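Novice: Give me a model of this one.
(one chain, ligands or ions: 1)
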Amino acid sequence: MDDLWFDPSKILIGGAWRAASGGATLPVEDPSTGEAFGTISRGTADDIDAAVTAAADARIGAWGRMSAADRGRVLSRLGQLIAARSEQLARIEARDVGKPLTQARADAQALARYMEFYGGAADKVMGQTIPYMEGYTVYTLREPHGVTGHIVPWNYPMQIIGRSVGAALAMGNACVLKPAEEACLTALAFAHLAQEAGLPPGALNVVPGLGEEAGAALTAHPGIHHISFTGSVGVGMLVQAAAARNVVPVTLELGGKSPQLVFDDADLDAALPFLVNAGVQNAGQTCSAASRILVHKARHDELLERMARRYEALTVGPALDDPNVGPLISARQKEVVAGYLAQAGDLDVAAQGRIADDAPAGGHYLAPTLLAGARADHVLAREEIFGPVQVVIPFEDEEEAVAIANGTEYGLVAAIWSADGARQMRLAKRLRAGQVFINNYGAGGGVELPFGGRGKSGHGREKGFEALFGFSVLKTIAARHG
Ligand code: NAD
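Specialist: Alright, predicted model coming up:
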């Protein structure tokens, strides 16, 4: 692939690029065509062990001795290098993940912005002095955990690397990153640029590989002091159990079934682009996808009709053609989503997008589907589908809207569309979610905005300044001086 300026078949350990210890590789597939266009390494438990050792060495070496201001400078420089290559990174991501080019560009810019944000924040995390007994001076320090493990899914590699590795490095941790086997290329590109920016050897180690092999080895490793996991609920449970055996903290950023609540006084003109985009962005493979649209019964028919018109206008095709909706990541994911659609039963298909006639036959395309007539307890209204499928559910009043919105196991994101300020405030408190948006959805991505779940959407917060507290540990120092 022309845009790749490095060899993707190597892993990074202690500043050196090398083959995985077993020499095995995995194919890189283009979801838009179904064809392989390269190979990545299949990292092993031995590679993870070497990466953890290299990270521990970096903590007591040049990286550990670097001042917070200098750490910030490295990250800021890295942000500039990413920004300079953002078009290249976007094209790599489009090819690797099947993400439409405009959306991949937004991810590359977000990655640059994360480095800028965390670069600027690195020397601004301060402790406190605590008034205490006569004869004592007491203060707190925020220290890095040490070696942090980062397990990343395939849907937003650049964004998730930015928010977790960026914040961890800003606090002085040394990182071992295990990207998803389906989408490693931008993780490797990030590591090359980090070296170019002057990140000392071992501060960032990248070991691509299978989840049950390299991923499991990372979560079980006794040399890891904190784990940041983003992915499915099932694997999140395994990760938390593995972390428990070593008694280390974990951040779990898991799935969602996020609702947007549309009241009778909502400005539908303003809401419509957010309602549809938040369902089909990245082909619905978004943790915070708005997969449930809850609408007051007085506006139900109008909303459904207007959403349907937008669905019918959606373009679906190869990522590099920059359609509204690209392919799903894999044949397997397409099967999962099709399996959900097969359970739609008596739900109405209100509208579907149309796959381009010339879309390659081997690509994993699925027509975006808008479903109506759902009850809140329908399987498609409860479970995360992780595809371009939204269900519209009517409600009678505010009480019922809150009950439906809070009625799944998840609690990641929610939105309220209403002109009534008192209702906005009331519901923002009552909705079970890590982020609540009022008359918008996502607030433009918000590198600065703490993000995370309630319930099975996970725990811990990444993004924003808050992440720096998660990637550090508080020490209290009490000096008795008389
Ligand atoms: P996944 O759980 O299958 O995989 C995620 C990562 O975990 C991959 O790197 C994988 O290799 C690794 N992994 C798999 N098995 C493992 C094991 N036994 N031990 C350690 N690591 C293992 O998830 P996915 O299908 O790649 O991603 C989709 C899921 O991620 C969805 O549920 C989505 O909602 C969630 N997600 C959440 C957020 C968030 O911020 N809350 C963001 C993006 C995605």
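Novice: Leaving out the residues flanking it, which one is nearest to residue 1?
Specialist: Closest residue to residue 1 apart from its sequence neighbours, by Cβ to Cβ, 6 or more residues apart in numbering: residue 37 at 5.7 Å. In short, each C-beta sits where N, CA and C put it, glycine included.
Novice: Spit out the contact partners of that neighbour.
Specialist: By Cβ atoms under 8 Å, 6 or more residues apart in numbering, the residues touching residue 37 are 1, 28, 29, 30, 95.
Novice: Neighbour-wise, give me the winner out of those residues.
Specialist: In terms of neighbours by other Cβ atoms under 10 Å, the contacts of residue 37 top out with residue 95 at 26 neighbours.
Novice: picking that back up, secondary structure class of the residue nearest to residue 1, three-state.
Specialist: On the three-state scheme (DSSP: H, G, I helix; E, B strand; the rest coil), residue 37 is labelled strand.
Novice: Contacts for stretch 442-455, please.
Specialist: 106, 110, 113-114, 117, 159, 162-163, 251-254, 256, 274, 278, 288, 409-413, 432-435, 437, 458-467.
Novice: Please spell out the ChimeraX selection for the buried subset of the residues you listed.
Specialist: The buried residues among those can be selected in ChimeraX (16 or more other Cβ atoms under 10 Å) with this line:
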select :106,110,113,114,117,159,162,163,251,252,253,254,256,274,278,288,410,411,412,413,432,433,434,435,437,458,459,460,461,462,463,464,465,466,467
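Novice: Which ones among the contacts of stretch 442-455 map onto strands?
Specialist: Of the positions in the contacts of stretch 442-455, 251, 252, 253, 413, 435, 437, 458, 459 sit in strands, assigned by DSSP state E.
Novice: Which entries in the contacts of stretch 442-455 are shared with the contacts of the ligand?
Specialist: 253, 254, 256, 412, 458 (Cβ under 6 Å from any ligand atom).
Novice: okay, those residues in JSON lines with pLDDT next?
Specialist: Below are these laid out as JSON lines (pLDDT from 0 to 100):
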{"residue": "253", "pLDDT": "98"}
{"residue": "254", "pLDDT": "98"}
{"residue": "256", "pLDDT": "98"}
{"residue": "412", "pLDDT": "98"}
{"residue": "458", "pLDDT": "98"}
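Novice: and which of those is nearest to residue 351?
Specialist: residue 256 (23.1 Å; Cβ to Cβ).
Novice: Enumerate every residue touching the closest one.
Specialist: Residue 256 touches 287, 288, 289, 291, 384, 410, 411, 412, 413, 453, 457, counting by Cβ under 8 Å, 6+ apart.
Novice: Apply 7 Å and report the result again.
Specialist: Contact analysis of residue 256 by Cβ atoms under 7 Å, 6 or more residues apart in numbering lists 287, 288, 384, 410, 412, 413, 457.
Novice: Got the confidence number for the second one?
Specialist: Looking at residue 288, its pLDDT is 97.
Novice: Close to the ligand: what parts of the stretch 201-350 of the chain are there?
Specialist: 211-212, 215-216, 219, 230-232, 235, 238-239, 253-256, 287.
Novice: Can you pick out the most distant pair from the contacts of residue 256?
Specialist: Across the contacts of residue 256 (Cβ to Cβ), the longest gap, 12.5 Å, separates 384 and 413.
Novice: got the domain boundaries for the protein?
Specialist: Per automatic domain parsing, the structural domains of the chain span 11-254+460-477, 259-446.
Novice: Distance to residue 359 added to the contacts of residue 256, as CSV?
Specialist: What follows is these, written out as CSV (distance: Cβ to Cβ, whole Å):
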residue, distance to residue 359
287, 26
288, 27
384, 26
410, 32
412, 31
413, 30
457, 33
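Novice: now, which of those residues sits nearest the ligand?
Specialist: residue 287 (3.0 Å; Cβ to the nearest ligand atom).
Novice: Residue 452 versus that closest one, what's the distance?
Specialist: Taking Cβ to Cβ, to the nearest Å as the measure, residue 287 falls 10 Å from residue 452.
Novice: Give me the common contacts of those two.
Specialist: By Cβ under 7 Å, 6+ apart, the residues touching both residue 287 and residue 452 are residue 253.
Novice: buried subset of the residues of the stretch 201-350 of the chain next to the ligand?
Specialist: If we count by 16+ other Cβ under 10 Å, those have these buried: 211, 215-216, 219, 230-232, 235, 238-239, 253-256, 287.
Novice: Just the ones in helices from the residues you listed, please.
Specialist: Applying DSSP state H to those, the entries found in helices are 216, 219, 235, 238, 239.
Novice: Check the spatially closest residue to residue 362 that is not a sequence neighbour and give its pLDDT.
Specialist: Excluding the flanking residues, the one nearest residue 362 by Cβ to Cβ, 6+ apart is residue 34, at 2.9 Å. Looking at residue 34, its pLDDT reads 98.
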